[in-house]
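**Q** Got a predicted model here, sequence first, then my questions.
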Amino acid sequence: MGKYDKIEIQHICLNICSGGTPKSTVTEYYGGNIPWLNTKEINFCRIYETERTITDEGLNNSSAKWVPANTVIVAMYGATAGKTAIAKIPLTTNQACCNLNIDSAKADYRFVYYALYNDYAYLASLANGGAQQNLNAQQIKEFEIPFPPLKEQKRIADILSSLDDKIELNRRINGNLEQQAQALFKAWFVDFEPFKNGKFVDSELGKIPEGWKVGQLDELVEIKYGKDHKKLLPGNIPVYGSGGIMRHVNMPIYEKESVLIPRKGSLNNVLYVNHPFWTVDTMFYTRMKINGIAKFIYLFISPIDLLSMNNGSAVPSMTTEILSKIRLVIPSKNIFDNFESLVAPSFDKIGSCNKEICKLSNLRDTLLPKLLSGELSINTITE
């Protein structure tokens with residue numbers, strides 16, 4: 001099959017617009033019922049909710065405007081420039097979002113999303129503007145994507161979307177499992193529900209079960225710096241940054257259960273891993289000083305607002321000194337072991353789901369360029 005013809009984005013849209021930002025100093029403009037999307041939330045995903053909301057007053061006193069569900073959104077500014085998302089709800093956006101309302105008589109919005117996803121590297125390379133890399137709406141309007149017949153677009157989008165549906169389901173399962181583990185952690189180590197019939201003693205953190213103590217995080221873990229990975233050969237060991245897996249290399253920095261904590265940037269993106277890994281120098285990793293407590297450490301650290309604890313530099317950053325001195329309640333080894341036995345099945349299921357997510361993502365990303373170029377026939381997959 002030959003390559004498909006191409007078409008400029010502007011010729012398959014009913015409307016192309018950006019948004020706006022209500023004045024941040026006016027508190028009445030924020031916290032309402034109107035979803036408001038920031039470009040940092042755009043990361044090749046489907047948007048079902050937004051981190052922030054605005055009020056009707058904020059909408060009416062800014063350039064923010066409603067865009068309908070199934071709008072394809074392209075980030076124009078900053079670190080996410082060129083990345084795309086699909087709005088699955090009606091929402092508003094800031095001015096750094098280019099919102100593409102696709103004409104369903106000409107194109108399938110899902111196909112357009114996948115075409116932009118496939119050409120992300122090239123689209124991002126068009127960004128310019130010195131320190132902050134920017135795209136503009138005209139560049140996006142004139143950006144060309146493959147343009148097979150509409151029926152073919154739908155069939156391609158159906159295949160790729162079915163993989164993303166399964167990925168999304170696994171992520172929801174993982175989210176529910178983690179919420180259950182966090183609820184169990186709170187019941188045991190915040191509310192002390194299993195121990196309420198025992199004796200309690202006073203401490204600097206309030207009343208705690210007798211035999212427990214208040215200590216510092218460094219009594220339980222050793223906090224280690226990640227290292228540069230650029231000279232490592234390709235392999236099957238994941239390299240973690242604050243945004244997740246960056247690449248795979250041929251050797252690990254550590255092979256045991258660990259909790260990864262960002263040192264710079266997205267400080268609250270704490271990760272639990274239970275396989276050999278490498279971390280970059282903007283991440284800390286941890287070595288447990290007591291066997292079988294990594295899940296406890298993760299559930300303790302992940303809800304903490306580490307961003308509020310950063311050292312005050314222009315780029316949010318964390319230090320070993322700050323982390324080491326975090327105070328927490330420390331139970332006996334027996335309590336640690338009992339808690340581990342309760343949460344381990346949930347973490348095992350999360351690990352299984354993550355492996356499936358990885359396989360499905362790799363399959364999608366392998367099929368994507370071949371389907372969009374016409375190299376791979378739809379019939380080859382569906383037969």
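**A** Received the coordinates, thanks.
**Q** What's the local residue count around the nearest residue to residue 337 once chain neighbours are set aside?
**A** Of all residues not flanking residue 337 in the chain, residue 292 sits nearest, at 6.1 Å (C-beta to C-beta, 6 or more residues apart in numbering). C-beta: built from backbone N, CA, C; applies to glycine. Neighbouring residues of residue 292 were enumerated by other C-beta atoms under 10 Å; the total is 15.
**Q** Centroid-nearest residue for the protein?
**A** Residue closest to the mean C-alpha point of the chain, counted by C-alpha atoms, centre = their mean, is residue 243 at 6.7 Å.
**Q** Could you pull up phi and psi at residue 53?
**A** Main-chain torsions, residue 53, degrees, to the nearest 10: phi -130, psi 160.
**Q** Which strand residues bridge it?
**A** Residue 53 forms beta bridges with residue 35, as assigned by DSSP bridges.
**Q** quick one, what contacts it?
**A** 30, 31, 32, 33, 34, 35, 36 (C-beta atoms under 8 Å, 6 or more residues apart in numbering).
**Q** Now the buried members of the residues you listed.
**A** Burial by neighbour count, 16 or more other C-beta atoms under 10 Å: within the contacts of residue 53 this picks out 30, 32, 34, 35, 36.
**Q** Could you point out which of those is nearest to residue 88?
**A** Each of the buried ones among the contacts of residue 53 was scored against residue 88 by C-beta to C-beta, and residue 35 proved nearest at 10.6 Å.
**Q** quick revisit: any chance of the contacts of residue 53 in CSV, with pLDDT and distance to residue 376 too?
**A** Putting the contacts of residue 53 into CSV (pLDDT from 0 to 100; distance: C-beta to C-beta, whole Å) gives the following:
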residue, pLDDT, distance to residue 376
30, 97, 47
31, 96, 48
32, 96, 46
33, 97, 44
34, 98, 42
35, 98, 37
36, 98, 39
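**Q** got the residues you listed as TSV, with distance to residue 353 columns?
**A** Formatted as TSV, the contacts of residue 53 follow (distance: C-beta to C-beta, whole Å):
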residue	distance to residue 353
30	35
31	34
32	35
33	32
34	33
35	27
36	30
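**Q** Tell me the one of the residues you listed nearest residue 173?
**A** Using C-beta to C-beta, those come closest to residue 173 at residue 35, 24.2 Å.
**Q** Distance of the closest one relative to residue 93?
**A** Distance, residue 35 to residue 93, by C-beta to C-beta, to the nearest Å: 9 Å.
**Q** next one: stretch 135-152 to chain centre, how far?
**A** 26 Å (C-alpha atoms, centre = their mean, to the nearest Å).
**Q** any weak-confidence spans in the protein?
**A** Per-residue confidence for the chain (pLDDT under 70) gives these ranges: 1-2, 129-132, 265-267, 310-316, 379-383.
**Q** Thank you, goodbye.
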